[in-house]
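Peer 1: just coords:
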């Protein structure tokens, strides 16, 4: 089992997220991370789903996502060169003696202080999921009062255009079949 990152381009209509989550529930897959946001194309949203499964399980999830009416395209970025980032907010307990130590650690991780009071410092950190986990681990001895993570967002590296429509399938006669992508092309 390994973490697989799937990107799904979906129509931005009510109920899509519920249908995607229900698919994972029905197939008994646990979603490790799920983020949803708009794209540069009106009416199209992008879901980044991280799931811990086998290669076969990832193929099953991808095939089943395509069966959902509002899913336009699914890409598995697991074995592709990609960028993955996450945001974390960490509220750390401080005393007059530990305040400067915590501020130094925030600086080492290139995090940003977003709130300070007499008993806590809240830092915002952006980076890979591993970086966020290390930041949490290093601050834990000081006492974490509260923490939240956004979940991963991923994008393929490079300049290859990505379309929100399913890829064309070339048949034995050499003809291309698929959805008309005019007006729905998205570049990364």
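Peer 2: All right, it came through fine. Quick caveat, the model's predicted, so the values are computed rather than measured. Numbers count the residues shown, from 1 in each chain.

Peer 1: Helix or strand: which one has residue 17?
Peer 2: helix 16-26 (DSSP states H and E).

Peer 1: From the contact counts, what lies against that helix?
Peer 2: strand 2-11, strand 31-38, strand 44-53, helix 55-67 (3 or more C-beta pairs under 8 Å, 6 or more residues apart in numbering; DSSP states H and E). For glycine as for every other residue, the C-beta is placed from the backbone atoms N, C-alpha and C.

Peer 1: As CSV, those with mean pLDDT and mean neighbour count would be great.
Peer 2: Shown next, in CSV, are those (pLDDT from 0 to 100; neighbours: other C-beta atoms under 10 Å):
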stretch, mean pLDDT, mean neighbour count
strand 2-11, 93, 20
strand 31-38, 93, 15
strand 44-53, 93, 21
helix 55-67, 92, 15
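
Peer 1: Check which residues of stretch 18-25 are buried.
Peer 2: 20, 23-24 (16 or more other C-beta atoms under 10 Å).

Peer 1: Make TSV from those residues and add pLDDT to it.
Peer 2: Below are those laid out as TSV (pLDDT from 0 to 100):
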residue	pLDDT
20	92
23	91
24	91
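
Peer 1: domains in the chain, as residue ranges please.
Peer 2: Residue ranges for the domains of the chain, per automatic domain parsing: 2-80, 83-149.

Peer 1: got a pLDDT number for residue 40?
Peer 2: Turning to residue 40, the model gives it a pLDDT of 89.

Peer 1: same check, this time on residue 27
Peer 2: 87.

Peer 1: again with residue 171
Peer 2: pLDDT, residue 171: 38.

Peer 1: Make 647 the first number, not 1, from now on.
Peer 2: In the new count, where the first residue is 647, that last one comes out as residue 817.
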